[in-house]
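In: Predicted model, plus sequence, below.
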Amino acid sequence: MSSLPPFDLNELERRCRAAALLACGDAAHDALHLERVVANARWLAPAVDANPHVVMPAIWLHDCVHVPKDSPNRSRASRLCAAHAATLLRQFEYPEQLLPEVVHAIEAHSWSAGIVPETLEAAVVQDADRLDSIGAAGVARCLMLAAEMKRPLYALPDPWCEQRQPDDKVSAVDHFYTKLLHLAPTFRTTEGRAEAARRTAYLRSFLEQLAHEAGVPITGSMAGDVA
């Protein structure tokens, strides 16, 4: 990092934050999501000795282009964000030699893109973002987005997807079985995996409590238990 031109990381973050807030779109990708993911990165990056000059601009700008969840371009969202982030960072006079690392970290953070992180910094960005999909925040985001898209909480007669394939277009709970319960094994850092395990346990306890209150017990093992 000694060969980098001098730049103020705090000022860069301020500019990135302002740009990112302009792109906040649906209920699950609002300003609070952004702040939580940044907070995740702030503790995770130093824990694994990742370069903050790459991690922080990437995490602030990881959703800097809003692509709706039901858009046919959803799988391209992280690439669109990465391209726009590169344009913004050049405007902010960010060091050109670090741009490829930031671009890769943003492209690789997305679940739908299916891009494997090739750097520690990309792994941190992916883990920091995915942590907000599980645990209490993950439950809240899932329910808010389902309500925004006018999908019910669960689908009778088989709310826990025990006799059918889960489909997150059907209900909020289906999204637990299509994605959320399967995230923990995808975490790249040891610290991220440990926190993901704690948050996934919360997802399971939420579903168990919901099943109790709905009067429709979960009779088999949850999809996430195989992870």
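Out: Structure received. Numbering: from 1, shown residues only.
In: so Cys81 makes contact with Trp60?
Out: No: the criterion here is Cβ atoms under 8 Å, and Cys81 misses it with Trp60 at 10.9 Å. Just so you know, the C-beta spots here come from the backbone N, C-alpha and C atoms, and that holds for glycine as well.
In: for the chain, what spans make up the strands?
Out: Here the chain has no strands by DSSP state E.
In: List the residue ranges of the protein that fall below the pLDDT cut-off.
Out: 1-5, 70-74, 221-227 (pLDDT under 70).
In: need the longest helix for it.
Out: Assignment by DSSP state H gives helix 190-214 as the longest helix of the chain.
In: which residues make contact with that one from outside it?
Out: Residues outside helix 190-214 that contact it (Cβ atoms under 8 Å, 6 or more residues apart in numbering): 44, 47-48, 123-124, 127-128, 130-131, 134-136, 138-139, 153-154, 159-160, 173, 176, 180-181, 183-184, 187, 217-218, 222, 224-225, 227.
In: Got a ChimeraX select line for the buried ones in those?
Out: In ChimeraX, this line selects whichever of the contacts of helix 190-214 come out buried by 16 or more other Cβ atoms under 10 Å:
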select :44,48,123,124,127,128,130,131,134,135,138,139,154,159,160,173,176,180,181,183,184,187,222,224
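In: Mark out where each domain of the chain begins and ends.
Out: 9-122, 135-226 (automatic domain parsing).
In: Would you mind finding the most buried of these?
Out: domain 9-122 (a mean of 18; mean count of other Cβ atoms under 10 Å).
In: That one: how far from the chain's middle?
Out: 10 Å (Cα atoms, centre = their mean, to the nearest Å).
In: Endpoints of it, how far apart?
Out: Start-to-end span of domain 9-122 (Cα to Cα, to the nearest Å) is 18 Å.
In: what ranges do the helices span in this structure?
Out: 9-21, 31-48, 52-60, 77-91, 99-108, 120-131, 135-148, 172-178, 190-214.
In: Make JSON lines from those and add distance to Pro68 to it.
Out: Below are the helices of the chain laid out as JSON lines (distance: least, Cβ to Cβ, whole Å):
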{"stretch": "helix 9-21", "distance to Pro68": "17"}
{"stretch": "helix 31-48", "distance to Pro68": "15"}
{"stretch": "helix 52-60", "distance to Pro68": "21"}
{"stretch": "helix 77-91", "distance to Pro68": "9"}
{"stretch": "helix 99-108", "distance to Pro68": "18"}
{"stretch": "helix 120-131", "distance to Pro68": "18"}
{"stretch": "helix 135-148", "distance to Pro68": "10"}
{"stretch": "helix 172-178", "distance to Pro68": "15"}
{"stretch": "helix 190-214", "distance to Pro68": "24"}
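In: between the longest helix of the chain and helix 135-148, how big is the angle?
Out: 60 degrees (axes from the mean of the first three to the mean of the last three Cα atoms, to 10 degrees).
In: Quick check: the gap between Lys88 and Leu61.
Out: For the record, residue 88 is Leu, not Lys. Counting by Cβ to Cβ, to the nearest Å, the gap from Leu88 to Leu61 is 7 Å.
In: which residues do the two both contact?
Out: Cys16, Ala19.
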